[in-house]
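S.K.: The following block contains a protein sequence and its predicted model.
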Amino acid sequence: MNYNKLILFFICTVLCQTVVRAQQNPKNPLDIPLGDPFVLFDESSATYYLYGTGGTENGFVAYSSNDLNSWKKHGVVYTAKQPKSWGTKDFWAPEVYHFKGKYYLFYSAHWKENPSNELENYRIGVAVSNSPVGPFEDLTGAPLFDPGYPIIDANVYFADDGKLFLYYSRCCYEHPVSSQIADWAKEKGFFKEIEESWIYGVELAADFSGVLGEPKLLLRPPTSLTDSQSEWESRSVTSREVNRRWTEGSFLFKQNGLYYMMYSANHFAGENYAVGYATSGSPLGPFKKSPSNPVLEKNTDNGGVVSGTGHNMVLRSADGQLWCVYHGRTTKTGDQRLVFIDRMSVQKDGKLVVHGPSVQREGSTK
């Protein structure tokens, strides 16, 4: 027997199995009860780390995996019970980045400095750790910056030229906007006014100490009823669910020289939460929404079991494959948000396609 050939065959078999396993769709939904999921691929350890909203009170938990299927829970990685904490509640949408040897956690929370007693006093903070599983400690005792209105859903883009950009969503809270959709809702007697959330972008200081320049408005809900985006982005209003239209949960990535900004519309707690995207030749726009929107939405109208699909991020796995990571609900899990990971592709014509929502199991109710 040629032992060298045998060893080579064994090595090839193991490698092939690893590649195949990495290319297989994870078994959706993952048995991980989190919203607003974010996955970091840590190249130093060749490990995936998953974070999201929920799992603990006033903080965040983390999970790790080597194959996007089997996940290990690491427990609490950030807690507001620390000297520099500035948040009091509603700790949402964590994103973690490995930068210059450290790990930085961006998140949203309710700011304790609230002299006018606002109900939604949200800002964005930054915490740092030497490990992807924490403990993360706040950089300062205050939010990253204060634009003068409540903001959530931080996303950071590291540009090729070394610049950093921060994207966030201005909350709907006390932000009524005039539009044909708002006029229609008033005429129908549904609502007296329609509040909106808008996505902004701004350059971020290299040491995460603040922002540079003034934030720029990048995306907002359509104002005209004849706009092709109006129907799907207004479903929470037209279904009489709530008097708000959202543009939130943004995520920016670059593919073939084009900047893609994915975003979510409609009520995060409702069945109509869905994802669209816009493209630009620059990190700060102008962005043009895709005519193929939404690219991810409920499938219950077509005999499926998934609804409330949204607040996604884009993961480039170790084998170069693009994955859309998002949360959703199933008919079995009810209001419990669970993590989904579906294959995603960008076609030759630039069109973005999410191959989901896919379901291999209806989920967990824990």
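M.R.: Cool, the structure landed. All figures in this text were calculated on a predicted structure; none of them were measured in a lab.
S.K.: Past the worst-scoring helix or strand of the chain on mean pLDDT, which element shows up next along the chain?
M.R.: When the helices and strands of the chain are scored by mean pLDDT, DSSP states H and E, helix 3-23 comes last with a mean of 44. For helix 3-23, the following helix or strand on the C-terminal side (DSSP states H and E) is strand 35-42.
S.K.: where's the nearest residue to P283 once chain neighbours are set aside, which helix or strand?
M.R.: Nearest residue to P283, sequence neighbours excluded (Cβ to Cβ, 6 or more residues apart in numbering): F165, at 4.9 Å. C-beta: built from backbone N, CA, C; applies to glycine. Per DSSP H and E: F165 is located in strand 164-170.
S.K.: who's in contact with A109?
M.R.: Neighbouring residues of A109 by Cβ atoms under 8 Å, 6 or more residues apart in numbering: A80, W86, G87, T88, K89, D90, F91, W92, Y122, R123, G125.
S.K.: pretty sure the fifth one contacts H110?
M.R.: Yes - K89 is within contact range of H110, at 4.8 Å (criterion: Cβ atoms under 8 Å).
S.K.: buried set for stretch 216-229?
M.R.: For stretch 216-229, a neighbour-count test (16 or more other Cβ atoms under 10 Å) marks L218, L219, R220, P221, P222, D227, Q229 as buried.
S.K.: Next up, the contacts around the first one.
M.R.: Yep, that's L218 we're talking about. Contacts for L218 (Cβ under 8 Å, 6+ apart) come out as Y167, I199, Y200, G201, S250, M261, A278, L284, G285, P286, F287.
S.K.: would you say P283 is within a strand?
M.R.: No - secondary structure of P283, determined by DSSP: H, G, I helix; E, B strand; the rest coil: coil, with no strand assignment.
S.K.: From the chain's centroid, how far away is the strand holding F165?
M.R.: Chain-centre distance of strand 164-170: 12 Å, with Cα atoms, centre = their mean, to the nearest Å.
S.K.: In the longest strand anywhere in the chain, which residues are buried?
M.R.: Taking DSSP state E as the criterion, the chain has its longest strand at strand 306-316. Of all the residues in strand 306-316, those buried under the rule 16+ other Cβ under 10 Å are V306, S307, G308, T309, G310, H311, N312, M313, V314, L315.
S.K.: swap in stretch 336-353?
M.R.: In stretch 336-353, counting by 16+ other Cβ under 10 Å, buried: Q336, R337, L338, V339, F340, I341, D342, R343, M344, V346, L352.
S.K.: Same question for stretch 246-264.
M.R.: Quick answer for stretch 246-264 (16+ other Cβ under 10 Å): 246-253, 259-264.
S.K.: excluding its backbone neighbours, what's nearest A93?
M.R.: Nearest to A93 is D36, by Cβ to Cβ, 6+ apart, at 4.2 Å.
S.K.: Show the pLDDT at that neighbour.
M.R.: D36 carries a pLDDT value of 98.
S.K.: just R361 next, same as before
M.R.: We have a pLDDT of 83 for R361.
S.K.: What of the one 3 residues further on?
M.R.: The pLDDT attached to S364 in the predicted structure is 66.
S.K.: Could you pull out the strands in the stretch 1-150 of the chain for me?
M.R.: Using DSSP state E, counting those that start in this stretch, the strands of the stretch 1-150 of the chain run over 35-42, 47-53, 59-65, 72-79, 92-99, 102-110, 122-129, 137-138.
S.K.: Show me what the fifth one is packed against.
M.R.: Contact here means 3 or more Cβ pairs under 8 Å, 6 or more residues apart in numbering; DSSP states H and E; on that basis strand 92-99 packs against strand 35-42, strand 47-53, strand 102-110, strand 151-158.
S.K.: Good, wrapping up.
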